[in-house]
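Engineer: quick one, fold the following:
(4 chains)
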4 protein chains.
Amino acid sequence: MQVKIAVNQENFIKKYKTVRSHSETICKPLEIEDYVVQPIVDVSPPKWHLGHTTWFFETFILKPYNRDYKVFNDQYDFVFNSYYESLGARVVRTDRGNLSRPSVTDVYRYRTYVDQHMEVFLQNTALSEELTALLELGLNHEQQHQELLYSDIKYILGHNPLFPAYSINSVFNQNSSQNNEFIKIESGIYEIGYQGDDFCFDNELGRHKVYLESFEIAKYPVTNAQYLEFITDGGYTNFKYWHSEGWEWVKENTAKSPLYWHYIDQKWMNYTFAGLKEIDLNEPVCHVNFYEASAFASWKGLRLPTETEWEVASPDLNWGQRWEWTDSAYLPYPGFQKAPGAIGEYNGKFMISQMVLRGASVATPEGHSRSTYRNFFHPRHQWQFMGIRLAK
Amino acid sequence: MQVKIAVNQENFIKKYKTVRSHSETICKPLEIEDYVVQPIVDVSPPKWHLGHTTWFFETFILKPYNRDYKVFNDQYDFVFNSYYESLGARVVRTDRGNLSRPSVTDVYRYRTYVDQHMEVFLQNTALSEELTALLELGLNHEQQHQELLYSDIKYILGHNPLFPAYSINSVFNQNSSQNNEFIKIESGIYEIGYQGDDFCFDNELGRHKVYLESFEIAKYPVTNAQYLEFITDGGYTNFKYWHSEGWEWVKENTAKSPLYWHYIDQKWMNYTFAGLKEIDLNEPVCHVNFYEASAFASWKGLRLPTETEWEVASPDLNWGQRWEWTDSAYLPYPGFQKAPGAIGEYNGKFMISQMVLRGASVATPEGHSRSTYRNFFHPRHQWQFMGIRLAK
Amino acid sequence: MQVKIAVNQENFIKKYKTVRSHSETICKPLEIEDYVVQPIVDVSPPKWHLGHTTWFFETFILKPYNRDYKVFNDQYDFVFNSYYESLGARVVRTDRGNLSRPSVTDVYRYRTYVDQHMEVFLQNTALSEELTALLELGLNHEQQHQELLYSDIKYILGHNPLFPAYSINSVFNQNSSQNNEFIKIESGIYEIGYQGDDFCFDNELGRHKVYLESFEIAKYPVTNAQYLEFITDGGYTNFKYWHSEGWEWVKENTAKSPLYWHYIDQKWMNYTFAGLKEIDLNEPVCHVNFYEASAFASWKGLRLPTETEWEVASPDLNWGQRWEWTDSAYLPYPGFQKAPGAIGEYNGKFMISQMVLRGASVATPEGHSRSTYRNFFHPRHQWQFMGIRLAK
Amino acid sequence: MQVKIAVNQENFIKKYKTVRSHSETICKPLEIEDYVVQPIVDVSPPKWHLGHTTWFFETFILKPYNRDYKVFNDQYDFVFNSYYESLGARVVRTDRGNLSRPSVTDVYRYRTYVDQHMEVFLQNTALSEELTALLELGLNHEQQHQELLYSDIKYILGHNPLFPAYSINSVFNQNSSQNNEFIKIESGIYEIGYQGDDFCFDNELGRHKVYLESFEIAKYPVTNAQYLEFITDGGYTNFKYWHSEGWEWVKENTAKSPLYWHYIDQKWMNYTFAGLKEIDLNEPVCHVNFYEASAFASWKGLRLPTETEWEVASPDLNWGQRWEWTDSAYLPYPGFQKAPGAIGEYNGKFMISQMVLRGASVATPEGHSRSTYRNFFHPRHQWQFMGIRLAK
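Structural biologist: You can find the predicted model right below:
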């Protein structure tokens, strides 16, 4: 986490309010009941996201830096800690959806309470570099949870047998080109990693040289139309396109399509935020996992790009609608250092068994995307707004 | 299920309203969020109970007997069917707590809709014997779910780290005697099973003779004070009091006390509907499973009664505060017959691997208890209002 | 366990040798490898049976009654204890098949060592009543394991893809009548439970009166021909014949027939000790579990007998080829008492969640069957020589 | 897989015999029973290894290239196929230890049969480049299983409560230096990947340039003495050294030391091929998984090398006693191509969720190690001869 620039206090308060209120805007269309459930372990109840992001400011800013601060409820530490071992016992992750309390109303009260204290605090405190870094981290952390909110809400509603719509209006503008153009990059030494004075995560730091063989990378992400060909051609029934682990996943889940696709009355339907709709052939394919992305590429006789290739080529790519699976594992950059204290648990301890996704998605909050951003998930995950870009 | 008496239509409507509104009264103290969660598979979300009991009337009365009836929502069959294979696909039981929709408001609308149609139907229809039996079954079914509502709500709130109270007022009056009096019954031929013209379940029918050896049975149920001695004497750490299966349960769950007991600051606390309280030594012990009941009896050098002994002795017993574990498996009476059709799935198909409980509890609705009533649960279950009576 | 008669020492030694050598005779056709594996948790490796029965004599006779006795290997306590909590730590049951040592040769050495000491001991010791009871228990215990040896060997070979024969010669003579005769028993008071001076298990003791309604019971067990009709008529695809728990079992296991039946090239084949053979229509059906037995009876419009009915009718029945599932749970007789000490763990602690089987099977050792014998297994088990008798 | 050199037929036959007989030599100290068991899914029964490596030659050489060849037993395809989807159904991996047949004798017969046919075939066939590549692959494949044989035998014997020795003589010579010397490598462009005319696996091919920042790497692997300090300092009880996934592994397994270490009577004992011995402080630490290797490095304030660093530095390292965990995921080199047909399933389909190990171990057969060799296992695995080298 780094912030080098001087921060204008007024602007910061404004930014704080903007980010914080966006989380609530995302939840506005929800019924109370939608805030509570956790249909799979990866999907957290929306009220948990609202509470946890608030707890983050309370725990990392107000408690250590504001000596007069009284916590809203001292049991919330137990309820809203996500994974910080440094910070004591917590509700086991699988139990988040078993908790009817704190109620949604109480969670919003908690937000209001913390926001009021934060705003007073921000007005009255000189922002040291350390503090500014924590504040920026808190806001970026909340933005990450905003994207999770979209993914989790979609999962909750999209796995309900009534297929309720989140909104009758279009939520995201999504479309792509069927164009198959490839960008060619010459071999040579390149640099990757974050450079600049704005915020970035610790896992992007340590800009460093890499040597790349020449390669080609698709200008556009893979579309539903293109993915449908893979399905129709028996992509989900031929082991040879799949990793061994991916093929196990196909068989155990009798997988036949991306998440949210349903074959009904001879048509491929897709659960969208507006309800069940016929698939839109021009949209970039979404909600595929690494196994599917990789099998698709293999079926095409091509491959996925590495994260290095992606970053080097990024200025020429049409990106930002889907998080794009790369064939790079999530591992530390040369010279990577964990931050001291609980914040050090933010990224480093997850650098095993996950794959890097690059880009950003329609659900990524404004101002939260960079070409150096390293997102990461287990290869089996589909529920984020994940898609595919080909390389060769 | 049997009803032989002529039914007064007006009285029936009144009874229908009384029973139906009681379910809603039980739920009154709940927050919306409390209606939604399912912390363990056995505990259903309260909104599911409200919907399922309504679906029962819609499915077994309105749809077959009222040809003009239009279902409220044709997807509710899938959502609110509990276990009737005859009636098609349904939400798997473990998923009940993953459904945020239908919302609580919609479930109440569903209740109102079905109640209005039921009342019109009841006013305008001659009640045949068959129909009356179904109606009685529907009401008794709802009463069973009222007891489940109490048990499930207690589980939901009592397993929340905030230990919220359901009500600050006392909900049930519970106390017993520390008196150790035993009733002696002579050997001989007795009769058990339901006899009479009121409602009873099919599993109580077929009154039949049994031969009993002479036995003694405690007049009062076991109290918290008595159970505490068992705990203090190492009851949970000595395998010799336990069934093999029970001892596995103790070890896997590191069981140390009845459900809802917590040893905090050198005191045994008990989660009650009014929140966490010190245990009341005079209450009959509650929320123990068959293994615990049986281990307690074994520690005492005594045993649990059989269901036959219980029923024969019942006129002399002080009963009705706890469902009492018997050492009888849930099996058919001589001549037991399943009802034809879906209703036949009500009792018979569960006659394996469960133990009979006799009596009734503080949570049993008024008018729903009889000395011939055969309740049944798996030996591991604790979450009903279950207690212990000794025999020798 | 009871033995009242005076025992002739010489005869006893002879009996000891006969029983002990029979276990080894059963294992004679095995390859070393067959002694080692444990394909499911219920099936123990044959070498474990040979060791465990030997350990029983070492532990309950030689160690306590022969002060000079030196144990063969002090780690065998850990390896060969089955379930006696009183006797300390033991290999977890699921691990029995993971142990290549002690080798088969070592186990036979262990048998020889213990047998030699037992024979000397028997020649030189006055047999008290207590000791005689333990000795009889040891022999009956070994006989129970002889039947388990047959069942487990059949499972091991019958689940090998090569379907090796245990013996090319016929091992058991098995056949029944297609005769559908029913025996009628009048209502009245009867007595059940063991009476006499020979050995019986503690669970048979406490002969007591029971009142029976009149009933009818089939003279012969159900045959393969009769069971095949059930299969052909869709017995395994119609939930209505099944207990709820049984139907889950059918679906989870995609059950379609008794264990060891395979439908190959339009024919029903059956793995037998002589290898894969076409099913013999005249044999009593074998290797069905309680769910299947009960579903078959339900399909017939009949039921299974209770254990009381079975025992009362037994003099008129053709029995002894199959253990016959009853619709009685395994529970204590009135006045049942556990023996003191480790032996008390023999029967009583299993009196929950199991069903009683009556009779005996072709695999039961000579002299080990009685009409009062109460065998018991979980309702899901098929791998014993289990069959069906109908009642109404 | 590549072989460019001309092959001398005579030498090849000699090599074939040498490699094949080495597998049998490894198994010589075993009892028949040791060949059969599979205590965990990753450990295959030794007889399976002997059969599978034989099946490899039968399937990939004799069947396609020798038209007169008759298979030894046509059911062995089902029994000895490991993971080749192209080659049809196979015993599920978890069932390998449930098969008592084919017997050990039959497996050795199978080996003899195939070896005789192979030798005749090799004498009479002109070895095309394709064929030579397959033959070399078969031999290298068998060598990989020789190392697995050592690992699996150690697991089988080392997890037996009797801790039997494999051999009273020392099997491997293992020791290291406590020297903490680090080799410094300057930044710059390097090349990695196989270059030459001998055999290598497909995953080593595609020699390519990489850019490395300057780094330092330990000349010697970490010793038991050094690892013991980590244990003593609370390494297994402090989450901060561990990946999140590693910490879960520690808690679930209550891990406290490398595999095979036992703290007995105040001493750290180690199961070795010669039985249970006090740990040798000068041996390189062995049987640690990636989580442990990584936590150890983190405790030291250092890190694991990447596979690229390792390969570049390898000429200066003292390596070959332990497979050394790198902080590199097992992913394709630029330009990686799967071989066509079933052989294409050899490596590529495993390139996900595994980490690369470099070097070789005391159990690696002579002639089977190269500095470009890419071994790979899941991060949780300990049972190979795996150790640690530090970098900074």
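
Engineer: every contact and neighbour count from this point should use C-alpha atoms.
Structural biologist: OK.

Engineer: quick one: contacts of the host helix or strand of A:I26?
Structural biologist: Assessed by DSSP states H and E, A:I26 sits inside helix A:9-27. With contact meaning CA atoms under 8 Å, 6 or more residues apart in numbering or on different chains, helix A:9-27 is reached by A:P46, A:L50, A:E119, A:L122, A:Q123, A:L127, A:L139, A:E142, A:Q143, A:Q146, A:L149, A:Y150.

Engineer: what sits against the residue in the stretch 201-350 of chain A that chain B sits nearest to?
Structural biologist: At 13.8 Å from chain B, A:G275 is the closest residue in the stretch 201-350 of chain A, using CA to the nearest CA. By CA under 8 Å, 6+ apart, A:G275 lies in contact with A:G158, A:F163, A:P164, A:A165, A:Y166, A:I168.

Engineer: how about 7 Å then?
Structural biologist: Going by CA atoms under 7 Å, 6 or more residues apart in numbering or on different chains, A:G275 touches A:F163, A:P164, A:A165.

Engineer: distance check, the second one against chain B.
Structural biologist: A:P164 is 8 Å from chain B, where distance means CA to the nearest CA, to the nearest Å.

Engineer: and that residue, what is it in contact with?
Structural biologist: Per CA under 7 Å, 6+ apart, neighbours of A:P164: A:L157, A:G275.

Engineer: phi and psi next, for it.
Structural biologist: Main-chain dihedrals, A:P164, degrees, to the nearest 10: phi -70, psi 150.

Engineer: which pLDDT value belongs to it?
Structural biologist: pLDDT, A:P164: 97.

Engineer: so how far is chain C from it?
Structural biologist: Taking CA to the nearest CA, one finds A:P164 at 31 Å from chain C.

Engineer: for A:E278, same thing?
Structural biologist: Separation of A:E278 from chain C (CA to the nearest CA): 34 Å.

Engineer: ditto for A:F215
Structural biologist: 49 Å.

Engineer: likewise for A:L87?
Structural biologist: 37 Å.

Engineer: A:F350 now?
Structural biologist: In terms of CA to the nearest CA, A:F350 sits 34 Å off from chain C.

Engineer: what does chain A put close to chain B?
Structural biologist: Neighbours of chain B within chain A, by CA under 7 Å from any CA of the partner chain: A:32-34, A:36-39, A:97-101, A:103, A:160.

Engineer: one more time with 6 Å
Structural biologist: Counting by CA under 6 Å from any CA of the partner chain, chain A comes close to chain B at A:E33, A:D34, A:V37, A:P39, A:N98, A:L99, A:S100, A:N160.

Engineer: from these, which ones fall inside strands?
Structural biologist: Per DSSP state E, strands hold no members of the residues of chain A next to chain B.

Engineer: tabulate those residues (TSV), appending pLDDT and neighbour count.
Structural biologist: TSV is the format used below for the residues of chain A next to chain B (pLDDT from 0 to 100; neighbours: other CA atoms under 10 Å in any protein chain shown):
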residue	pLDDT	neighbour count
A:E33	98	24
A:D34	98	23
A:V37	98	29
A:P39	97	24
A:N98	96	23
A:L99	97	27
A:S100	98	28
A:N160	97	19
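
Engineer: and these near chain D, which?
Structural biologist: Among the residues of chain A next to chain B, no residue is within reach of chain D (CA under 6 Å from any CA).

Engineer: now these in a markdown table, with distance to B:P258?
Structural biologist: Shown next, in a markdown table, are the residues of chain A next to chain B (distance: CA to CA, whole Å):
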| residue | distance to B:P258 |
| --- | --- |
| A:E33 | 31 |
| A:D34 | 33 |
| A:V37 | 28 |
| A:P39 | 30 |
| A:N98 | 21 |
| A:L99 | 22 |
| A:S100 | 23 |
| A:N160 | 36 |
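
Engineer: and those residues, which is closest to D:I352?
Structural biologist: A:P39 (27.0 Å; CA to CA).

Engineer: just checking, that closest one touches B:G97?
Structural biologist: No. Judged on CA atoms under 6 Å, A:P39 makes no contact with B:G97 at a distance of 7.8 Å.

Engineer: please spell out which residue in chain A sits farthest from the middle.
Structural biologist: A:D68 (35.0 Å; CA atoms, centre = their mean).

Engineer: over to it: give its phi and psi.
Structural biologist: When read as degrees, to the nearest 10, the backbone of A:D68 gives phi -90, psi -10.

Engineer: ok, A:L99 next?
Structural biologist: With angles defined as degrees, to the nearest 10, A:L99 sits at phi -100, psi 110.

Engineer: contacting residues for it?
Structural biologist: B:N160 (CA atoms under 6 Å, 6 or more residues apart in numbering or on different chains).

Engineer: nearest to chain C, of the residues of chain A next to chain B?
Structural biologist: A:P39 (22.6 Å).

Engineer: ok, that closest one to A:I156 distance?
Structural biologist: 7 Å (CA to CA, to the nearest Å).

Engineer: how about the residue of the stretch 201-350 of chain A closest to chain B: which residues does it bridge to?
Structural biologist: Using DSSP bridges, the beta-bridge partners of A:G275 come out as A:T272.

Engineer: okay, now the residue of the stretch 151-300 of chain A found nearest chain C: neighbour count?
Structural biologist: In the stretch 151-300 of chain A, the residue that lies nearest chain C is A:E252 (14.1 Å; CA to the nearest CA). For A:E252, the neighbour count with other CA atoms under 10 Å in any protein chain shown is 9.

Engineer: same deal with the one 5 residues further on?
Structural biologist: Here the neighbour count serves as a burial measure; for A:S257 (other CA under 10 Å) it reads 20.

Engineer: could you say which helix or strand holds it?
Structural biologist: Using DSSP H and E, A:S257 falls within no helix or strand.

Engineer: can you list the domains in chain A?
Structural biologist: Using automatic domain parsing, the domain parsing of chain A gives A:9-158, A:182-387.

Engineer: what about the helices in chain A?
Structural biologist: For chain A, applying DSSP state H gives helices covering A:9-27, A:46-57, A:63-65, A:76-80, A:104-124, A:129-158, A:224-232, A:244-253, A:290-299, A:307-313.

Engineer: with mean pLDDT and distance to C:K256 as extra columns, can I get the ones you listed in TSV?
Structural biologist: As requested, the helices of chain A are arranged in TSV below (pLDDT from 0 to 100; distance: least, CA to CA, whole Å):
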stretch	mean pLDDT	distance to C:K256
helix A:9-27	95	50
helix A:46-57	98	45
helix A:63-65	96	64
helix A:76-80	95	48
helix A:104-124	97	50
helix A:129-158	96	36
helix A:224-232	98	33
helix A:244-253	97	22
helix A:290-299	98	35
helix A:307-313	98	51
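
Engineer: any chance of these in JSON lines with distance to C:L317 as columns?
Structural biologist: Listed next are the helices of chain A as JSON lines, based on distance: least, CA to CA, whole Å:
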{"stretch": "helix A:9-27", "distance to C:L317": "72"}
{"stretch": "helix A:46-57", "distance to C:L317": "66"}
{"stretch": "helix A:63-65", "distance to C:L317": "81"}
{"stretch": "helix A:76-80", "distance to C:L317": "65"}
{"stretch": "helix A:104-124", "distance to C:L317": "68"}
{"stretch": "helix A:129-158", "distance to C:L317": "60"}
{"stretch": "helix A:224-232", "distance to C:L317": "62"}
{"stretch": "helix A:244-253", "distance to C:L317": "49"}
{"stretch": "helix A:290-299", "distance to C:L317": "62"}
{"stretch": "helix A:307-313", "distance to C:L317": "78"}
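
Engineer: of these, which is nearest D:D280?
Structural biologist: D:D280 sits nearest to helix A:244-253 of all the helices of chain A, at 38.4 Å, using CA to CA.

Engineer: report the angle between that closest one and helix A:290-299.
Structural biologist: With axes from the mean of the first three to the mean of the last three CA atoms, to 10 degrees defining the directions, helix A:244-253 sits at 120 degrees from helix A:290-299.
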